[in-house]
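1. next one to model:
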Amino acid sequence: MLKSSVEREIWDVVVIGGGPAGMMAAGRAGERGLGVLLLEKNPTLGKKLLITGGGRCNVTNNKPEVRTMLAKYKKSDKFLFSAFAQFGVAETLDFFHTRGMATKEEAEGRIFPLSNKAKSVWDVLVAYMKKGGVKIQTRAEVKKVFFDKATERMVITLADGSTIYAKHCVVASGGTSRPETGSTGEGFGWLRDLGHTIIKNDMALVPIRLKDAWAKKLAGVVLSDIKLTTYQNGARQKAYKGKLLFTHVGISGPTVLNMSRDVGELLSNEEEVVIMLDLFPTLDGGALRKKLQEVLVTQSNKKIKNTLASFIAPALALPMLAQAGIDGETPNHSVRTAERAALVSLLKSVPLHVAGLLGKDKAIVSSGGVTLSQINFKTMQSRIVPQLFVVGDMLNIDRPSGGYSLQLCWTTGYVAGSKVGM
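-> Below you'll find the model as predicted:
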């Protein structure tokens with residue numbers, strides 16, 4: 001890594017932020033022969049990138065058809081089409097494959113490096129920037145970004161008092177999730193001072209805390225193909241299907257992360273939120289009762305706790321029996337009709353009482369950012385300050401878990417790097 005003394009130099013492009021969007025933008029601009037300086041306030045690049053996906057890095061989601069992919073970005077799709085048409089999922093996979101990084105597809109279309117290491121992604125991006133001659137300055141904390149009308153230059157002031165001048169600036173400093181990685185949201189202040197409208201930045205994909213003591217004892221237990229339905233004041237809200245992970249404070253996993261923003265909005269009403277867990281969403285109550293009864297009859301002399309442990313996740317057996325009021329030592333043939341009915345009802349609707357959301361230190365991404373109408377998505381150029389480009393988590397774009405956040409970084413970063421200086 002080259003730490004350059006750049007005070008008073010004028011760069012073609014200065015990229016602020018050494019995360020995935022910033023590295024992609026810098027690499028692409030360098031590839032085009034521009035003089036590029038990347039500023040990163042951490043000692044090293046890509047600190048958050050290296051911990052994504054549990055250190056495995058969910059690179060993208062296998063939805064190469066642009067409109068299918070954009071449907072996952074909800075109301076932002078009309079803005080994103082032109083950017084994704086230039087560099088979407090197919091182009092992203094080609095980018096990494098042609099640079100020697102093989103990938104593999106897992107559940108729900110998630111794409112990971114074949115190595116199972118985020119470092120593989122990091123290596124490709126760093127090599128890309130190196131090949132393009134990008135200069136990298138680490139431990140470079142930016143304090144202010146403004147536009148000098150007299151010289152038509154972007155002016156970047158660092159914490160050490162030095163000043164950097166650029167013909168163009170790409171802001172890729174990230175949102176507010178995982179602040180220990182350097183994402184502390186100061187970039188929104190710069191952009192606001194430059195005249196941009198900033199939608200309140202908050203947590204978007206974050207685990208959920210529960211009040212239920214029994215659930216916290218199941219940390220590490222994973223449930224697949226379940227359904228979660230939110231309720232408030234007894235009224236049904238929304239339902240979500242997928243996978244759930246119990247943690248020492250509550251629940252997480254892709255399905256939980258994707259519903260967390262909705263749960264947060266319900267909590268803002270200051271009324272209790274209850275999530276009902278359906279362990280058998282493909283069976284109605286009658287079908288499940290029949291299935292359970294067949295097992296109890298077949299294994300009539302076994303204890304109910306042992307039979308139930310083969311019917312659902314073993315760690316759930318005793319907690320479910322306790323909530324249904326059934327002694328786990330009871331032989332199957334002695335389980336009363338009312339007890340069986342109570343158990344079936346519970347398995348279809350296990351109450352999980354929400355205590356709140358975890359903080360920004362545990363959020364996967366944050367929501368909010370620059371209002372989209374102020375960005376030209378054909379170029380990622382600001383409509384307020386044409387010398388400025390805005391990418392990645394700086395944009396007010398909601399997206400689910402599953403590779404969609406990183407794809408947004410690859411797309412917006414590559415487009416910005418392709419168009420800056422034109």
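
2. state the distance from the residue nearest to K303 when sequence neighbours are not counted to A315.
-> Excluding its sequence neighbours, the residue lying closest to K303 (CB to CB, 6 or more residues apart in numbering) is E329, at 5.6 Å. Any C-beta I mention is one placed from the backbone N, CA and C, and that applies to glycine too. E329 sits 18 Å away from A315, going by CB to CB, to the nearest Å.

3. pick out whichever of the two has more residues nearby.
-> Taking other CB atoms under 10 Å, E329 and A315 do not tie; A315 has more neighbours (15 against 11).

4. who are the contact partners of the more buried one?
-> With contact set as CB atoms under 8 Å, 6 or more residues apart in numbering, A315 has these partners: 218, 221.

5. next: the one 4 residues further on.
-> P319 makes contact with 214-215, 217-218 under the criterion CB under 8 Å, 6+ apart.

6. quick one, domains of this structure?
-> What automatic domain parsing lists as the domains of the chain is 10-204+362-419, 207-358.

7. winner for burial among these?
-> Here the criterion is mean neighbour count by mean count of other CB atoms under 10 Å, and of the domains of the chain the winner is domain 10-204+362-419, at a mean of 20.

8. now do that one, average pLDDT.
-> For domain 10-204+362-419, the mean per-residue pLDDT is 90.

9. so how far is it off the chain centroid?
-> Its chain's C-alpha centre and that of domain 10-204+362-419 lie 14 Å apart, by CA atoms, centre = their mean, to the nearest Å.

10. can you give me the strands for the stretch 251-400 of the chain?
-> Residue ranges of the strands in the stretch 251-400 of the chain, as given by DSSP state E, counting those that start in this stretch, are 273-278, 350-357, 365-370, 375-376, 381-382, 388-390.

11. swap in the stretch 101-250 of the chain?
-> 103-105, 110-113, 135-137, 142-148, 153-158, 163-171, 198-205, 208-210, 222-232, 235-246, 250-252.

12. thinking again about what came up before, would you list the strands of the stretch 251-400 of the chain in a markdown table and tack on distance to E294?
-> Shown next, in a markdown table, are those (distance: least, CB to CB, whole Å):
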| stretch | distance to E294 |
| --- | --- |
| strand 273-278 | 20 |
| strand 350-357 | 22 |
| strand 365-370 | 45 |
| strand 375-376 | 59 |
| strand 381-382 | 64 |
| strand 388-390 | 59 |
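
13. flag the shaky bits of the stretch 201-350 of the chain, pLDDT-wise.
-> Residues of the stretch 201-350 of the chain that meet the criterion pLDDT under 70 lie in 201-204.

14. how about 80 then?
-> Applying pLDDT under 80 to the stretch 201-350 of the chain flags the ranges 201-205, 261, 265, 268-270.

15. still on that earlier bit, I'd like to know which of the strands of the stretch 251-400 of the chain lies nearest to I198.
-> Smallest distance to I198 across the strands of the stretch 251-400 of the chain (CB to CB): 6.2 Å, for strand 365-370.

16. strands paired with the host helix or strand of L38, and their directions?
-> Assigned by DSSP states H and E, L38 falls within strand 36-39. The pairing partners recorded for strand 36-39 under DSSP bridges are strand 10-16 (parallel), strand 135-137 (parallel).

17. using a markdown table, lay out those strands together with distance to A25.
-> Output for the strands paired with strand 36-39, formatted as a markdown table (distance: least, CB to CB, whole Å):
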| stretch | distance to A25 |
| --- | --- |
| strand 10-16 | 5 |
| strand 135-137 | 13 |
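
18. ok, which of these comes nearest N376?
-> strand 10-16 (16.8 Å).

19. not counting that closest one itself, show me its contacts.
-> With CB under 8 Å, 6+ apart as the criterion, strand 10-16 contacts 22, 25-26, 29, 34-39, 142, 145, 153-154, 156, 164-173, 187, 420-421.

20. what sits up against whichever helix or strand comes after that strand?
-> Remark: after strand 10-16, the chain's next helix or strand is helix 20-31, criterion DSSP H and E. With contacts defined as CB under 8 Å, 6+ apart, helix 20-31 is touched by 12-13, 15-16, 36, 38, 40, 45-46, 49, 121, 125-126, 128-129, 131-134, 170, 172-173, 389, 391-393, 406, 408-410, 412-414, 416-418, 420-421.

21. helix 20-31 versus strand 163-171: what angle between them?
-> On the basis of axes from the mean of the first three to the mean of the last three CA atoms, to 10 degrees, helix 20-31 is oriented at 110 degrees to strand 163-171.

22. and the contacts of P319, which is closest to K149?
-> Among those, and counting by CB to CB, the member closest to K149 is A215, at 58.0 Å.

23. show me the helices in this protein, by range?
-> 20-31, 66-70, 77-86, 89-97, 118-131, 186-193, 213-216, 254-267, 285-298, 304-311, 317-324, 337-348, 404-419 (DSSP state H).

24. reformat those helices as JSON lines; add distance to V385.
-> Below are those laid out as JSON lines (distance: least, CB to CB, whole Å):
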{"stretch": "helix 20-31", "distance to V385": "16"}
{"stretch": "helix 66-70", "distance to V385": "27"}
{"stretch": "helix 77-86", "distance to V385": "18"}
{"stretch": "helix 89-97", "distance to V385": "28"}
{"stretch": "helix 118-131", "distance to V385": "25"}
{"stretch": "helix 186-193", "distance to V385": "9"}
{"stretch": "helix 213-216", "distance to V385": "49"}
{"stretch": "helix 254-267", "distance to V385": "30"}
{"stretch": "helix 285-298", "distance to V385": "60"}
{"stretch": "helix 304-311", "distance to V385": "61"}
{"stretch": "helix 317-324", "distance to V385": "56"}
{"stretch": "helix 337-348", "distance to V385": "55"}
{"stretch": "helix 404-419", "distance to V385": "14"}
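
25. name the nearest residue to Y128, sequence neighbours excluded.
-> Of all residues not flanking Y128 in the chain, G27 sits nearest, at 3.7 Å (CB to CB, 6+ apart).

26. could you measure the one you found against G402, distance?
-> Distance, G27 to G402, by CB to CB: 25 Å.

27. next: S120.
-> 19 Å.

28. can you tell me the closest non-neighbouring residue to K75?
-> What sits nearest to K75 in space, not counting adjacent residues and going by CB to CB, 6+ apart, is D398, at 7.8 Å.
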